[in-house]
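In: coords please:
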Amino acid sequence: MDRRVRRYLVYPLAAIALVTLAIMVVPQLEDVFASFHTPVVWAFWISFIALVVALFFERDLPGATDVNVEGPAFSRFLFNNTAAGLFWLPIRIFVGVTFLEAGLHKLGDPKWTDGGAALLGYWQHAVAIPETGSPAISYEWYRDFINMLITNNAQTWFAWIVLLGEIAIGVGLIFGALTGIAAFFGALMNMSFLLAGSASSNPVLFTMGIGLMLAWKVAGYYGLDRYLLPMLGTPWRRGKAFGGTRPEAQQTT
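Out: Have a look, this model is predicted:
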């Protein structure tokens with residue numbers, strides 16, 4: 001696609017995503033457009049994904065990497081300096097152990113491994129709309145999503161995704177293996193529980209997960225990422241295992 005065409009697509013896609021998101025999350029607008037709920041949800045996700053793709057292709061435009069406001073030295077240290085790996089180490093292990101314990105607990109529970117009855121009960125409680133008070137789920141689009149899973153008996157296989165995902169996230173964070181990816185899926189799982197109305201430890205774990213995602217380059221330095229990242233590389237730079245070369249060291253403060 002021509003670069004100029006992509007550039008002109010970014011603004012309308014952003015506008016569509018912003019308007020549809022407002023309709024989805026603002027109660028007054030949600031009531032007005034209630035009859036168009038499903039098309040609005042589809043419009044948001046399609047426009048949002050298309051916007052992310054368009055912005056990704058814009059990353060190499062002249063001036064795209066210009067920094068107009070320089071961040072504080074402490075943030076540069078925290079997210080770019082390998083010495084900061086010691087700061088992230090206890091946070092990484094705490095989040096990892098929490099996920100691993102949750103996954104192993106589910107693995108030993110037949111209500112999770114034999115048909116997913118525990119997950120189904122959780123979903124049914126989350127989508128219920130009480131006669132008085134506020135429902136557990138605040139957003140209709142998420143309630144529709146959970147109802148779709150219930151209708152299709154998805155708990156039989158989704159329960160395994162949850163428990164194996166928690167175990168994989170826990171192991172990845174504890175050993176510092178692909179820390180950024182593990183933290184992303186951990187935060188995604190925390191956000192899913194939060195959207196379903198379950199607070200518990202999810203706000204704390206979500207916040208820590210965001211920090212680990214931002215510090216993905218150094219958070220696993222005192223772990224396997226010290227060797228994995230240079231070997232595997234990234235989508236934008238091949239690692240040594242794929243014929244890439246070691247990037248020149250950049251001095252950070």
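In: in this structure, which spans are helices?
Out: 3-25, 27-32, 37-57, 73-80, 85-107, 110-113, 117-127, 140-151, 155-174, 179-195, 202-214, 225-232 (DSSP state H).
In: any idea how far Trp157 is from Gly186?
Out: Distance of Gly186 to Trp157, computed by CB to CB, to the nearest Å: 20 Å. Heads up, the C-betas are built off the backbone N, CA and C, glycines and all.
In: And those two? Which one has more around it.
Out: It is Gly186, of Gly186 and Trp157, that has more neighbours when counted by other CB atoms under 10 Å, with 28 against 9.
In: Pretty sure that one sits against Thr98.
Out: No - checked against CB atoms under 8 Å, the pair Gly186 and Thr98 is beyond contact range at 9.1 Å.
In: Quickly list what's touching both of those two.
Out: Applying CB atoms under 8 Å, 6 or more residues apart in numbering, one finds that Gly186 and Thr98 are jointly contacted by Leu205.
In: low-scoring stretches of this structure, by residue?
Out: Judged by pLDDT under 70, the chain has its weakly predicted residues at 1-7, 59-68, 245-253.
In: domains of it?
Out: The chain is divided into the following domains under automatic domain parsing: 3-57, 80-242.
In: Mean neighbour count, these: which tops it?
Out: Of the domains of the chain, the one with the most neighbours on average (mean count of other CB atoms under 10 Å) is domain 80-242, at a mean of 17.
In: From the chain's centroid, how far away is that domain?
Out: Between the centre of domain 80-242 and the centre of its chain there are 8 Å (CA atoms, centre = their mean, to the nearest Å).
In: I figured Arg143 hits Ile137, correct?
Out: Yes - between Arg143 and Ile137 a contact is recorded at 4.6 Å, counting by CB under 8 Å.
In: Between those two, which contacts overlap?
Out: Common neighbours of Arg143 and Ile137 (criterion: CB under 8 Å, 6+ apart): 126-127.
In: any idea how far the closest residue to Gly197 other than its chain neighbours lies from Val40?
Out: What sits nearest to Gly197 in space, not counting adjacent residues and going by CB to CB, 6 or more residues apart in numbering, is Ala136, at 3.0 Å. Noted for Ala136: a distance of 22 Å to Val40, by CB to CB.
In: Next: Asp114.
Out: Distance, Asp114 to Val40, using CB to CB: 38 Å.
In: What of Val32?
Out: Plainly put, Val32 is 11 Å away from Val40 if you go by CB to CB.
In: ditto for Met208
Out: Per CB to CB, Met208 is found 33 Å from Val40.
In: which ones are touching Tyr221?
Out: By CB under 8 Å, 6+ apart, the contact set of Tyr221 is 82, 85, 176.
In: and what of Thr113?
Out: Per CB under 8 Å, 6+ apart, neighbours of Thr113: 106-107, 159-160, 163.
In: Phi, psi for Glu131 please.
Out: Glu131 adopts backbone torsions of phi -70, psi -30, taken as degrees, to the nearest 10.
In: show me what contacts Lys106?
Out: Each residue near Lys106 by CB under 8 Å, 6+ apart is listed here: 112-113, 118, 159, 162-163, 166.
In: can I assume Thr38 is in contact with Phe145?
Out: No - in this structure, Thr38 is not within contact of Phe145 by CB under 8 Å, at 11.1 Å.
In: on that earlier part again, format the domains of the chain as a markdown table; extra columns: distance to Glu70.
Out: A markdown table is the format used below for the domains of the chain (distance: least, CB to CB, whole Å):
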| stretch | distance to Glu70 |
| --- | --- |
| domain 3-57 | 22 |
| domain 80-242 | 13 |
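In: So which of these is nearest Ala73?
Out: The closest of the domains of the chain to Ala73 is domain 80-242. By CB to CB, the value is 9.9 Å.
In: Next, the distance between the ends of that closest one.
Out: In domain 80-242, first residue to last residue: 24 Å (CA to CA, to the nearest Å).
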